[in-house]
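J.: output the structure for:
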Amino acid sequence: MSRFFDPPAAKPLLPEGKISKVYRSMRFRVFMGAFLGYAAYYLVRKNLSLAAPGMIEDGLVDKAGVGIAMSAVSIAYAFSKFIMGSVSDRSDARKFLVVGLVLSALTMMAVGFIPFGASQVVNVTLIFILMLIIGWLSGMGWPPCGRVMAYWFSQNERSFKMSVWNTSHTFGGGSLGLLVSLGLVIFAGLGIEQTWRAAFIVPSAVALLIAVFCWWAIRDTPQSCGLPSINDYRNDYSGVKSKEKSVEKIPFRTLFVEYVFKNKLLWVIAFANAFVYMVRYGVGDWAPLYLQEMDIMTPEQSNLAFALHNYAGIPGTIICGWISSRFFKGRCTPPNVIFMGLVLLGTLIYWQAGSIAGFFAGSASAEAVAGLTRGLIYFALILVGFCIYGPVALIGIQALNLVPKNAAGTAAGFVGLFGYLFGDALLSKMLMGTVAENAGWHVTFMMLAVASIAAVLLCAATWKSEKKLAA
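T.: All right, here's what the predicted structure looks like:
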């Protein structure tokens, strides 16, 4: 089976006259495959967040149980992304991505068909195990995409191109909200009482269709298509210590110890990533349940808010990457600090939306105050979504820029380990779910505000070091 994932051998170079045309065509095709492929992974990862309100209403789980179950994806993904990153560095990106996507979709779809019982403990345990499997399989998504971007796009264009590509997960997350709403309508029309099952089944079916497209679109490296390396094609050797070293196989121990473990700057951005991810998922994943439980929005309105929050990340990520390239010569720290400062503002507005609405509405009717509150929450979620995904993308780019290309997956996996294990699983899922159940939602908002401040300070700590490296 391991030989199945071996990278394809390099082919003889195409005739000189065909190289430019084929390169342009293949770069667009490979980019779209990586974009839609990674977006599809988000159609089969956050489904429990949207199904949770219905499952809680049916008495199958509670908030603490949902937090524990959701954390399984993040725990498994944290380790999988790190381990799969090193495996991906020595594997065919096309096969790696597609196999993981197909297995993830089939597993998530299976959750929608399980006949859950009356015991919440049994239900949570079963969901936790399945989410562990999905989380592990999800780790097969980012590393091959990082490999594709490293081999098909050179360093001086990578910040912007990867920022565009990185909108794939916001596109996928936003589409998940809309697909779930569509599924709810379809299931209700079919007379299915537990309409929350649509959150697992419908997006998974779409992900399987996208996997077919990815198999057609993605190719591992330019050399496997009879093309020269991207550095030779664009005459861009910035950040490349040697052309030979960029294709040399390095043992995992050397990759990890020499290029990751001993890299102090990588440790700083890894801790920053943990707090960025806590805010990212602490706001987004709990929004449908919070908004419905507090009677602020209907299921349809909260699904729309979830979708808008994710979709806002598309222009936000692109603009953040453009700012990095246009004003800071590819440096990631300045835009990270700016955008995380705006995330803090959005989080505070989201938290205090009711109080702000009451202050400005004055003696207006309760209905008017409720309408203004919903409007402020839409605005706050859009603002947070617009600003949070830029730092998510640029921290990943920083990791790639700090190591040779053949260590890209390992470095990205290391930084992702902190983001998903500590920031997402432990802080935004387990801790926030338990706190929300026992102390209330206001305390969770305090935690998100503190995390936003910590992210700003840690990102700022890399300012001088990154500037020196870029000189």
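J.: contacts and neighbour counts: CA atoms only from here.
T.: Noted.
J.: how much space separates residue 87 from residue 443?
T.: 40 Å (Cα to Cα, to the nearest Å).
J.: neighbour count for those two, which is higher?
T.: Neighbour tally, residue 87 and residue 443, criterion other Cα atoms under 10 Å: the higher count belongs to residue 87, 21 against 13.
J.: state the distance from that one to residue 105.
T.: To residue 105, residue 87 is 21 Å away according to Cα to Cα.
J.: next one: residue 373
T.: Taking Cα to Cα, one finds residue 373 at 36 Å from residue 105.
J.: who has more neighbours, these two?
T.: Taking neighbours as other Cα under 10 Å, residue 373 and residue 105 compare with residue 105 leading, 27 against 23.
J.: and the more buried one, what does it touch?
T.: Listed by Cα atoms under 8 Å, 6 or more residues apart in numbering, the contact partners of residue 105 are 44, 204, 205, 207, 208.
J.: could you single out the nearest of the residues you listed to residue 400?
T.: residue 44 (25.9 Å; Cα to Cα).
J.: contacts only, for that closest one.
T.: Residue 44 neighbours (Cα under 8 Å, 6+ apart): 104, 105, 108, 134, 200, 203, 204, 207.
J.: and which of those is nearest residue 53?
T.: Nearest member of the contacts of residue 44 to residue 53, counting by Cα to Cα, is residue 200, at 13.5 Å.
J.: following the host helix or strand of the closest one, which helix or strand comes up?
T.: Taking DSSP states H and E as the definition, residue 200 sits inside helix 198-217. Next along the chain after helix 198-217, taking DSSP H and E as the criterion, comes helix 230-234.
J.: contacting residues around that next one?
T.: Applying Cα under 8 Å, 6+ apart, the external contacts of helix 230-234 come out as 151, 152, 153, 154, 222, 236, 237, 243.
J.: what residues sit buried inside it?
T.: By 16 or more other Cα atoms under 10 Å, the buried positions in helix 230-234 come out as 230, 231, 233.
J.: quick one: average pLDDT of it?
T.: For helix 230-234, mean pLDDT is 80.
J.: what of stretch 27-35?
T.: Here the average pLDDT along stretch 27-35 is 94.
J.: cool, stretch 391-405 as well?
T.: Rounded mean pLDDT across stretch 391-405 is 77.
J.: just the C-alphas of that stretch, formatted as PDB.
T.: Output of stretch 391-405 as PDB, limited to C-alpha atoms (Å, rounded to 0.1, in the frame of the first residue of the first chain):
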ATOM      1  CA  PRO A 391      -3.400  35.300  10.100                       C
ATOM      2  CA  VAL A 392      -4.300  31.600   9.800                       C
ATOM      3  CA  ALA A 393      -2.900  31.600   6.200                       C
ATOM      4  CA  LEU A 394       0.100  33.800   6.900                       C
ATOM      5  CA  ILE A 395       1.300  31.800   9.900                       C
ATOM      6  CA  GLY A 396       1.200  28.700   7.700                       C
ATOM      7  CA  ILE A 397       3.200  30.600   5.100                       C
ATOM      8  CA  GLN A 398       5.700  31.700   7.700                       C
ATOM      9  CA  ALA A 399       6.300  28.000   8.500                       C
ATOM     10  CA  LEU A 400       6.900  27.200   4.900                       C
ATOM     11  CA  ASN A 401       9.300  30.100   4.400                       C
ATOM     12  CA  LEU A 402      11.400  29.100   7.400                       C
ATOM     13  CA  VAL A 403      12.400  25.700   6.100                       C
ATOM     14  CA  PRO A 404      13.500  24.100   2.800                       C
ATOM     15  CA  LYS A 405      10.700  22.900   0.500                       C
END
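J.: report the distance from it to the chain centre.
T.: 14 Å (Cα atoms, centre = their mean, to the nearest Å).
J.: tell me who's in contact with residue 399.
T.: 266, 408, 411, 412, 415.
J.: go again using 10 Å as the cut-off
T.: By Cα atoms under 10 Å, 6 or more residues apart in numbering, residue 399 lies in contact with 260, 265-267, 269-270, 407-416.
J.: counting only helices, which of the residues you listed make the cut?
T.: 265-267, 269-270, 408-416 (DSSP state H).
J.: possible to save the residues you listed as CSV with distance to residue 326?
T.: As requested, the ones in helices among the contacts of residue 399 are exported to CSV (distance: Cα to Cα, whole Å):
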residue, distance to residue 326
265, 23
266, 24
267, 27
269, 22
270, 25
408, 24
409, 26
410, 28
411, 25
412, 24
413, 28
414, 28
415, 25
416, 26
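J.: so which two of the residues you listed are the farthest from each other?
T.: Across the ones in helices among the contacts of residue 399, the longest distance by Cα to Cα is 16.9 Å; it joins 265 and 409.
J.: what is the nearest of the contacts of residue 105 to residue 464?
T.: The nearest one, if we look at the contacts of residue 105 relative to residue 464 and count by Cα to Cα, is residue 44, at 39.3 Å.
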